[in-house]
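> fold the following, please.
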Amino acid sequence: QVQLVESGGGLVQAGDSLRLSCAPSGRTFNNYHMGWFRQAPGKEREFVAAIRWSGSRTSYADSVKGRFTISRANAKNTVYLQMNSLKPEDTAVYYCAADPSRYGSSPVEYIYWGQGTQVTVSS
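Purely as a prediction, here's the structure:
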């Protein structure tokens, strides 16, 4: 069974940084487009960032542009989300997602999902 495993979440203060990692188990995802989404309590899951399988193109939600960076190390079969200048409104469960053919900002465009990692930013 294919699984995506996120790590790196935690409790930080506003202005701090965190780096999330996503690594699959069961197969390689080097040819998959990857995305990060987040969901805060009582809210819908929202797009954060995405990266094409080659790493040649990335996209970001306006709310994180300039603060977050998505990257991938295909040799390590890992995707990262570097989060700088964190704000309390970034508090959410962050999910990694993958799809072999679609690259976009909607959750329905991704077929594989991780279980999520909690990020809490205190003011």
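
> give me the buried positions along stretch 115-123.
By 16 or more other Cβ atoms under 10 Å, the buried positions in stretch 115-123 come out as 116-117, 119, 121. C-beta: built from backbone N, CA, C; applies to glycine.

> out of the residues you listed, what pair is the most spread apart?
Within the buried residues of stretch 115-123, two members stand farthest from each other by Cβ to Cβ: Gly116 and Val121, at 15.9 Å.

> ranges for the strands of the protein?
With DSSP state E as the definition, the chain shows strands at residue ranges 3-7, 10-13, 18-25, 33-39, 46-51, 58-60, 68-73, 78-83, 92-99, 112-113, 117-122.

> reformat the ones you listed as JSON lines; add distance to Ser106.
Below are the strands of the chain laid out as JSON lines (distance: least, Cβ to Cβ, whole Å):
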{"stretch": "strand 3-7", "distance to Ser106": "17"}
{"stretch": "strand 10-13", "distance to Ser106": "28"}
{"stretch": "strand 18-25", "distance to Ser106": "18"}
{"stretch": "strand 33-39", "distance to Ser106": "9"}
{"stretch": "strand 46-51", "distance to Ser106": "7"}
{"stretch": "strand 58-60", "distance to Ser106": "12"}
{"stretch": "strand 68-73", "distance to Ser106": "16"}
{"stretch": "strand 78-83", "distance to Ser106": "18"}
{"stretch": "strand 92-99", "distance to Ser106": "10"}
{"stretch": "strand 112-113", "distance to Ser106": "13"}
{"stretch": "strand 117-122", "distance to Ser106": "21"}
